[in-house]
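Chemist: Sequence and predicted structure below; questions after.
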Amino acid sequence: MTTTEPSTGPAPSAKAPSAKDRVLAWLRAHAFGLAIANLVANIGIVVTGAVVRLTGSGLGCPTWPKCTEESYVAHEALGINGVIEFGNRLLTYVLAAIAITVVIAVWNRRGVIRNLAIIIACGVPLQGVIGGITVLTELNPYVVALHLLASMAMVGLCVWLLDELRSPEREAAPRHVRVAALVTFAVGWLSLWLGTVVTGSGPHSGDLDSRRTGLDPALMSHIHAYAVYALIAATLVTLWLGRKHAYVRQVTIVLLVIELAQGLIGWVQYLTDLPVVLVGFHMLGAALISAGLARVVCSVRAHA
């Protein structure tokens, strides 16, 4: 009686993943890190936009989408202001590249995550168009305000995406905590808007010849300050009501610290006649407050 010996030859090897598959796998594995880069880049563009305004470079490239009527790029005749403004325009492409990379990284995750990534990516060229309109309207203060507030909204969306990608598992906070968080969010955005009104009436217009709103800068500064006081009060209420919920408590404390630091910078810059360095830090603080507001609202929602 004979038996058949099993084959001892080498087993067929699995097909090696293609370069495309390896890149996609890497992107998916690093989706959270890429989303952080998305947030940092959107905060960064707020700061570089402040540099453009504070150096009087808002019309360094006097037209759009070209830098001048003859050229898409800045040239020597435009001086340092042209370099600064054109450099800020180039950062839009960096923002777009990061946003598109995030979309690719989360494309296989249907629902809120993918939708948020797409909205953020679409927001980048929209912001570029608004920026172009600010140039074409010679830095109309109301258009400039819209440009800044759109950036703040982008920052908030980036924080929401991060929360969806990775945050502690939690049940929804009680209704009174959720209401307090939403009130804090609303008052915070009122404060951000009033900040743009102050900017539109103040001296740092982005160009010596651009028009202002005509409102009294001192009066608007005080109204803005009252809104900040209301924001701090609303944040304290949210912190008290949500004190038994660890994540809510944690993120609300962070927001409160940012608000207090931002308020201090605001008062010092007001008392010292708006030095450009402090105004720049104040712009950074505004972006961080937008991020903090979004994080507090996310913290009171359920997350599995």
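Modeler: Perfect, thanks for sending it. Numbers count the residues shown, from 1 in each chain.
Chemist: who touches the residue nearest the centre of the chain in this structure?
Modeler: Here the mean C-alpha position of the chain is nearest to the C-alpha of residue 155 (C-alpha atoms, centre = their mean), at a distance of 2.3 Å. Contacts for residue 155 were tallied using C-beta atoms under 8 Å, 6 or more residues apart in numbering; they are 39, 42-43, 46, 287, 290-291, 294. (Each C-beta comes from the backbone N, C-alpha and C, glycine too.)
Chemist: Find the helix or strand that it is a member of.
Modeler: Using DSSP states H and E, residue 155 maps to helix 141-165.
Chemist: Just the buried residues of that helix, please?
Modeler: 141, 143-145, 147-149, 151-165 (16 or more other C-beta atoms under 10 Å).
Chemist: what about residue 70, how many neighbours?
Modeler: Residue 70 is flanked by 8 other residues according to other C-beta atoms under 10 Å.
Chemist: Make sure I have this right: it is in a strand.
Modeler: No: counting by DSSP: H, G, I helix; E, B strand; the rest coil, residue 70 is not part of a strand but coil.
Chemist: Quick check: it vs residue 78, distance?
Modeler: 12 Å (C-beta to C-beta, to the nearest Å).
Chemist: my guess is residue 131 is in a helix, correct?
Modeler: Yes: assigned with three-state DSSP, residue 131 falls within a helix.
Chemist: so who does it touch?
Modeler: 64, 89, 92, 147.
Chemist: Could you do residue 211 as well?
Modeler: Going by C-beta under 8 Å, 6+ apart, the list of residues near residue 211 reads 138-141, 205.
Chemist: what's near enough to touch residue 45?
Modeler: With C-beta under 8 Å, 6+ apart, residue 45 has these contacts: 88, 91-92, 95, 127, 151.
Chemist: same thing with residue 65?
Modeler: 72, 132.
Chemist: mind redoing it with 7 Å?
Modeler: Contact analysis of residue 65 by C-beta atoms under 7 Å, 6 or more residues apart in numbering lists residue 132.
Chemist: Can you tell me how far it is from residue 71?
Modeler: 11 Å.
Chemist: about what we covered before: which strands and helices sit next to the helix or strand just after the helix holding residue 155?
Modeler: Proceeding N to C from helix 141-165, the next assigned helix or strand is helix 175-201, under DSSP H and E. Packing contacts for helix 175-201, counted by 3 or more C-beta pairs under 7 Å, 6 or more residues apart in numbering; DSSP states H and E, involve helix 141-165, helix 217-241, helix 276-299.
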